[in-house]
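Engineer: Got a predicted structure here, sequence first:
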Amino acid sequence: MSTSNDLNLADRPLGRRALLAGIPGLALLVAGCSSSDDESSTGSTATSTGTSTATADGEAAAGSVAALAQAFYNTLDADQKTTVLLDYTLDNAKRWSNLPQGLITGGAGGGGGMPSGGMPSGGMPSGATGEMPSGGPPSGGMPSGSGTSGGAPGGGGGSSQGRVGIALGELSDEQLAAFTTLLKAATGTTSGLGYDEIEQQLAADDYLQDNGGGDTYGRGQFYVAILGSPQDSGTWEFQFGGHHMAVANTYVDGKLAGATPSFRGSEPFQKFELDGQSYQPMKAKHQAFAALLAGLNTKQLTAAKLADTYSDLVLGPGNDWAFPTEYEGVQISTLSAKQKKLALAAIAGYVNDIADDDAATVLAKYEEELDDTYIAYSGTTALTERNDYIRIDGPSVWIEFSMQNGIVLSGNHPHSVWRDRTSDYGGTQS
């Protein structure tokens, strides 16, 4: 990918394409200076209703994600602060989706619609307990050519109320700089992953905005929220997302307790150019999965092949804590050392989306569990055709990658999700 550091936010319209590529100096300058009764929280300020009352003035280590969240918060005006800082509850944490905000809420138009829904042709996998995501299809119904081969939608969910927080398009240059510093601290530095991949995904949405999607798309339609109190004690979440993206980092007592659910996708899928730059957001993830399947022999591929056709993700938005109780595919313990490295590289393609030190800790855990982890796929091994699908499922890790039909553009594009059987939403299940 080619990037530039000389773009000027002030010269941009609402889309603010220079958000992540053009304000590192300003960012460094800034860096210096409704819940339900049955929900619960591990936060230190938990109440009888299970919520954690939000404040943004607690003790936080200098340079930590919590301290940078406070710094971002302090750039906001009174109304913006009320919008961004919310109580930590599971209800708020679950307010993410792969859809643009306008399509979730039935607001703005554009060229989109509900992505193709995602249960396999035989229904839910054995032992899974997923349910229809809340909200149903967005206003305007399903786009032409979408739909499933059976079962409930798995990839178009999320709350019908839309995301919480404030849209990037409503922030000033100073506020965007503080947000960017926060985002960089919470995400990884690996090329093609982490912060770099997010920058490319935002460019992809700007591309959709310019090429048929309209104002429903573009980085100005991505939302940031702080759930709970960003500090060194208690539970809080840094939440950022929009079309094809969900960042949900939950921190407990100053440490990352969970970085999932984490959604990534991109339309367009192939390389594209915007404002003189070249982008391909999902290249690293796709190449790692394709290399993993290419490294399996015929017998192993037969063992890994799923009987059903998967038209989208099983555990997409709205299908929380619905992990199958039985494993499918080929067990990684049966693979060679070289093949195991390919499997671990595919997992790292998601774990390295989070801050480097946190990623090393999580990846070490997944490596310890690697022999008890499974690989399964359906469709072609190239993972470029519609309904091509691959899954990595272990004692903790769950990753899916699914190829979809185009919505705004022709051609296929991927949806993918990283979940964790033990630490989704920081472990908060109800």
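Structural biologist: Arrived safely. Keep in mind that this is a model prediction, so the values were computed, not measured.
Engineer: Setting aside sequence neighbours, what's the nearest residue to Ser229?
Structural biologist: Excluding the flanking residues, the one nearest Ser229 by CB to CB, 6 or more residues apart in numbering is Thr55, at 4.7 Å. (Glycine included, C-beta is placed from N, CA and C.)
Engineer: What's the separation between that neighbour and Tyr73?
Structural biologist: From Thr55 across to Tyr73, the span is 10 Å (CB to CB, to the nearest Å).
Engineer: Could you tell me which residues touch both of the two?
Structural biologist: Leu85 (CB atoms under 8 Å, 6 or more residues apart in numbering).
Engineer: Between the two, tell me which one has more neighbours.
Structural biologist: Neighbours around Thr55 and Tyr73, counted as other CB atoms under 10 Å, are more numerous at Tyr73. The numbers are 21 against 16.
Engineer: Verify the contact between the more buried one and Leu86 for me.
Structural biologist: No. Counting by CB atoms under 8 Å, Tyr73 sits too far from Leu86 to count as a contact (11.6 Å).
Engineer: for the residue nearest to Ser229, helix, strand, or coil?
Structural biologist: In three-state terms, and counting by DSSP: H, G, I helix; E, B strand; the rest coil, Thr55 is coil.
Engineer: Tell me who's in contact with it.
Structural biologist: Taking CB under 8 Å, 6+ apart as the test, what Thr55 contacts is 85, 229, 231.
Engineer: now do Ile392
Structural biologist: 343, 346-347, 373-375, 398-399.
Engineer: Report the two of these separated the most.
Structural biologist: Spanning the widest gap among the contacts of Ile392 are Ala343 and Trp398, at 13.8 Å by CB to CB.
Engineer: Tell me which of those two has more neighbours.
Structural biologist: The residue with more neighbours, out of Ala343 and Trp398, is Ala343; 25 against 21, by other CB under 10 Å.
Engineer: quick one: the more buried one is in a strand?
Structural biologist: No. Per three-state DSSP, Ala343 lies outside any strand segment and is helix.
Engineer: ok, now which ones touch the closest residue to it other than its chain neighbours?
Structural biologist: In space, and not counting its chain neighbours, Ala343 is closest to Ile332: 5.4 Å by CB to CB, 6+ apart. Contact analysis of Ile332 by CB under 8 Å, 6+ apart lists 339-340, 343, 370-375.
Engineer: rewinding a little: among the contacts of Thr55, which are in strands?
Structural biologist: In strands, defined here by DSSP state E, the members of the contacts of Thr55 are Leu85.
Engineer: For Gln404, state which of the contacts of Thr55 is nearest.
Structural biologist: Leu85 (34.5 Å).
Engineer: how about low-confidence regions in this protein?
Structural biologist: Applying pLDDT under 70 to the chain flags residues 1-52, 107-160.
Engineer: Now name the helix or strand holding the residue lying farthest from the centre of the chain.
Structural biologist: In the chain, the greatest distance from the average C-alpha position (CA atoms, centre = their mean) is reached by Lys299, at 33.4 Å. Assigned by DSSP states H and E, Lys299 belongs to helix 298-304.
Engineer: Show me the contact partners of the helix or strand that comes right after that helix.
Structural biologist: Downstream of helix 298-304, the first helix or strand assigned by DSSP H and E is strand 330-331. Residues outside strand 330-331 that contact it (CB under 8 Å, 6+ apart) are 296, 300, 303-304, 371-376.
Engineer: now the strands: where do they sit in the stretch 301-430 of the chain?
Structural biologist: Assigned by DSSP state E, counting those that start in this stretch, the stretch 301-430 of the chain shows strands spanning 330-331, 374-378, 389-393, 397-404, 413-420.
Engineer: now those in TSV, with distance to Pro324?
Structural biologist: Below are those laid out as TSV (distance: least, CB to CB, whole Å):
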stretch	distance to Pro324
strand 330-331	15
strand 374-378	10
strand 389-393	7
strand 397-404	9
strand 413-420	12
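Engineer: Using PyMOL, define a selection of the buried residues within the contacts of strand 330-331.
Structural biologist: Of the contacts of strand 330-331, the buried ones go into a single PyMOL selection, burial set by 16 or more other CB atoms under 10 Å:
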select buried, resi 296+300+303+304+373+374+375+376
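Engineer: Could I get the contacts of strand 330-331 in TSV, plus columns for distance to Ala360?
Structural biologist: As requested, the contacts of strand 330-331 are arranged in TSV below (distance: CB to CB, whole Å):
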residue	distance to Ala360
Leu296	27
Gln300	29
Ala303	31
Ala304	28
Asp371	20
Asp372	21
Thr373	18
Tyr374	24
Ile375	23
Ala376	27
